[in-house]
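A.B. asks: Take this sequence and fold it.
(one chain, ligands or ions: 2)
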Amino acid sequence: MRFKLAPSVLAADFAYLADQVAAVAPHADHLHVDVMDGHFVPPITIGPVVVKALRKITDLPLECHLMVTEPERQVEQFAEAGGDSAVWHIESPPDPRPVLQLVRKLGMRAGLAINPETPFETAIPYLEEIDVLNVMTVNPGWAGQAFLADMLPKIAEARAHIDKAALDIDISVDGGVNVETGRRCLDAGANVLGAATAIFGKPDPTAAAAELKQMLSERER
Ligand code: DX5
Ligand code: ZN
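C.D. replies: Ligands and ions are numbered 1, 2, ... in the order given. You can find the predicted model right below:
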């Protein structure tokens, strides 16, 4: 299994986005881009124009986390902008399958995110068709929230199910992840750590990313 670090640019200084990305790139496996539409979650954040700008300055895969009410209307724009994967919420469309088919047609990796109140079971019918299960460890909407430790059993449940079914799916965690909470997520069975504040909120984002990546690399052995 590969253990991956996904810095989330949500907590980066957007006036210096290229510099911020360059600072963490040596330790990043992909970049996590938090797209919020003001409906699915209250804030509005990043859209395809920023993905397009990022595409020009980095070769890292760009994971678009779509916290939007109608992902099927948005996903094509993110593919055209250079997004490599789309992660949308199981709580969002009436049926995730048409979105899944569209994401595949666009040649992107597909992921489903599940909110804290959504049980793991909800994702089971789609597991054979996705590449990533993103277990939200905060309620979506903002960087800098406290990690919800109640999500650890859900991560363990997902890992047990995915391993038993011999599925090749990344389990990523998103929200409140730092060295301490990230370690607990890895112990529970996650293999991808997403982190915004624990990287870009630090005075030295390079060192912060390196520390998280080191912890991940140790799991590979
Ligand atoms: C929350 C976003 C997260 C967020 C994480 O809605 O999906 O990706 O950027 O921020 P931190 O790591 O600060 O909790
Ligand atoms: Zn996210």
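A.B. asks: What segments of this protein are helices?
C.D. replies: 17-24, 48-57, 71-81, 96-105, 152-164, 179-188, 197-200, 205-220 (DSSP state H).
A.B. asks: Tabulate these in JSON lines, adding columns for distance to Gln145.
C.D. replies: Every residue, glycine included, has its C-beta placed from N, CA and C. Formatted as JSON lines, these follow (distance: least, CB to CB, whole Å):
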{"stretch": "helix 17-24", "distance to Gln145": "20"}
{"stretch": "helix 48-57", "distance to Gln145": "22"}
{"stretch": "helix 71-81", "distance to Gln145": "22"}
{"stretch": "helix 96-105", "distance to Gln145": "25"}
{"stretch": "helix 152-164", "distance to Gln145": "16"}
{"stretch": "helix 179-188", "distance to Gln145": "11"}
{"stretch": "helix 197-200", "distance to Gln145": "9"}
{"stretch": "helix 205-220", "distance to Gln145": "18"}
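A.B. asks: give me the number of residues near Asn178?
C.D. replies: Neighbour count for Asn178, taken as other CB atoms under 10 Å: 18.
A.B. asks: Angles on the backbone of it, please.
C.D. replies: phi -140, psi -170 (degrees, to the nearest 10).
A.B. asks: ok, the residue nearest to it when sequence neighbours are not counted - contacts?
C.D. replies: Nearest residue to Asn178 in three dimensions, chain neighbours excluded: Ala198, at 3.9 Å (CB to CB, 6 or more residues apart in numbering). The contact partners of Ala198, by CB atoms under 8 Å, 6 or more residues apart in numbering, come to 177-179, 182, 208, 212.
A.B. asks: Check Ala195 too.
C.D. replies: Neighbours of Ala195 in contact, by CB under 8 Å, 6+ apart: 5-8, 177-178, 182, 212.
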